[in-house]
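Enquirer: Sequence plus predicted model, see below.
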Amino acid sequence: KNMEQLVIHGGAGVLEGKAGEAQKMHESLCLIWEETFDALRKGSAEEAVRHGIRMLEDEPVYNAGTGSKLQADGQVRMSAALMDGTKNRFSGVINVQNIRNPIEAAASLSGEKHSVLSADQATEFCRKKGFPEYNPVTEFRLQEFEKKCVGIHGTVGAVALDKEGRIFAGTSTGGIGCEIPGRVSDSPTVAGTYASTKAGVSCTGIGEQITQQAAAAKVVTRVEDGMSLHDAVARTMRESDYFNYLYGLISLDSEGHVEVGKTTALGDVFYAFHDGEKIRTFCS
Ligand code: GLY
């Protein structure tokens, strides 16, 4: 029986009926899903999550790594986290600068005693580990910043289950755009990224709201306590709807079930996974 499962996301938002943009996003997510699933089959859940998120970070259309949004002072500060559900190991970087792949910074912290670092010290850690200087700013984001355009579109994430039954979850983000410099999003916290031996979750949407709901950790805890993944996600979304929150999540459990959740007020989560017959995305 093929137990491996993988679900990825490229953020959330509204494509404002732009069929062309939806099609491009669909194609990009399918391509990344396929290549990442290959990495999962040949390797492990950890390799797959890192591979998938690196690809999403490198694709400038998403708000993570290259193409990250700018904070209010015109600087890009990126955040990412990785969680090993088997080892109960969470690691991450908060507001790291001038590196190409924040998910790799999070991964290289997973073996450290102090596994979450922020700001200049996170960047310094990356330099010591040999991460080359890299400018993630794109022309498009500069223009968007000048128009004071704030959106929730583009955080990326992946959750994978490998044939050994290991679950890994990862999330990477450039934030929300034009935020107060130093703002911390949900992504590098257990509210945005969480996994156990039973389930894994990666969130996207308004970071403050995800944090206030402890969304990822809450869904995983509910599954740990015996709820089905479907019910755990549905209940968490219902609770967040009470506050009219705007966010979504991708998740999977140890049996390979996938659930994509979103609050009622949110447009779409831009996800991709395989349902056994074909790759399913937000528009197929
Ligand atoms: N969920 C990404 C952020 O709020 O920055």
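Expert: Perfect, thanks for sending it.
Enquirer: So which residues on the protein come close to the ligand?
Expert: Residues of the chain lying near the ligand by CB under 6 Å from any ligand atom: 155, 173, 175-176, 185-187, 204-207. Heads up, the C-betas are built off the backbone N, CA and C, glycines and all.
Enquirer: Mind putting these into JSON lines with pLDDT and neighbour count?
Expert: Below are the residues of the chain next to the ligand laid out as JSON lines (pLDDT from 0 to 100; neighbours: other CB atoms under 10 Å):
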{"residue": "Thr155", "pLDDT": "94", "neighbour count": "37"}
{"residue": "Thr173", "pLDDT": "98", "neighbour count": "31"}
{"residue": "Gly175", "pLDDT": "95", "neighbour count": "24"}
{"residue": "Ile176", "pLDDT": "92", "neighbour count": "21"}
{"residue": "Ser185", "pLDDT": "96", "neighbour count": "26"}
{"residue": "Asp186", "pLDDT": "97", "neighbour count": "29"}
{"residue": "Ser187", "pLDDT": "98", "neighbour count": "34"}
{"residue": "Thr204", "pLDDT": "97", "neighbour count": "32"}
{"residue": "Gly205", "pLDDT": "95", "neighbour count": "28"}
{"residue": "Ile206", "pLDDT": "95", "neighbour count": "20"}
{"residue": "Gly207", "pLDDT": "96", "neighbour count": "26"}
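Enquirer: Could you pull out the helices in the stretch 51-200 of the chain for me?
Expert: Taking DSSP state H, counting those that start in this stretch to define them, one finds helices in the stretch 51-200 of the chain at 102-109, 119-128, 139-146.
Enquirer: Highest mean neighbour count out of the ones you listed?
Expert: helix 102-109 (a mean of 27; mean count of other CB atoms under 10 Å).
Enquirer: Please render the helices of the stretch 51-200 of the chain as TSV that adds mean pLDDT and distance to Ser251 to the earlier fields.
Expert: Compiled in TSV, the helices of the stretch 51-200 of the chain are given as follows (pLDDT from 0 to 100; distance: least, CB to CB, whole Å):
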stretch	mean pLDDT	distance to Ser251
helix 102-109	98	18
helix 119-128	98	27
helix 139-146	91	29
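Enquirer: In JSON lines, list those helices along with distance to Gly267.
Expert: Listed next are those as JSON lines, based on distance: least, CB to CB, whole Å:
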{"stretch": "helix 102-109", "distance to Gly267": "25"}
{"stretch": "helix 119-128", "distance to Gly267": "32"}
{"stretch": "helix 139-146", "distance to Gly267": "18"}
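Enquirer: residue contacts, Ala72?
Expert: 178-181 (CB atoms under 8 Å, 6 or more residues apart in numbering).
Enquirer: That one and His257: what is the separation?
Expert: Separation of Ala72 from His257 (CB to CB, to the nearest Å): 41 Å.
Enquirer: what does Ile32 give?
Expert: Relative to His257, Ile32 is positioned 21 Å away (CB to CB).
Enquirer: OK, contacts around the residue in the stretch 101-250 of the chain positioned nearest to the ligand?
Expert: Here the residue of the stretch 101-250 of the chain nearest the ligand is Gly207; by CB to the nearest ligand atom that distance is 2.4 Å. Applying CB under 8 Å, 6+ apart to Gly207 gives the contacts 173, 175-176, 183-187, 192.
Enquirer: Asp84 contacts Gly170, doesn't it?
Expert: No - Asp84 is not in contact with Gly170 according to CB atoms under 8 Å; the separation is 10.0 Å.
Enquirer: Lys198 is in contact with Asp253, correct?
Expert: Yes - the criterion here is CB under 8 Å, and Asp253 meets it with Lys198 at 6.1 Å.
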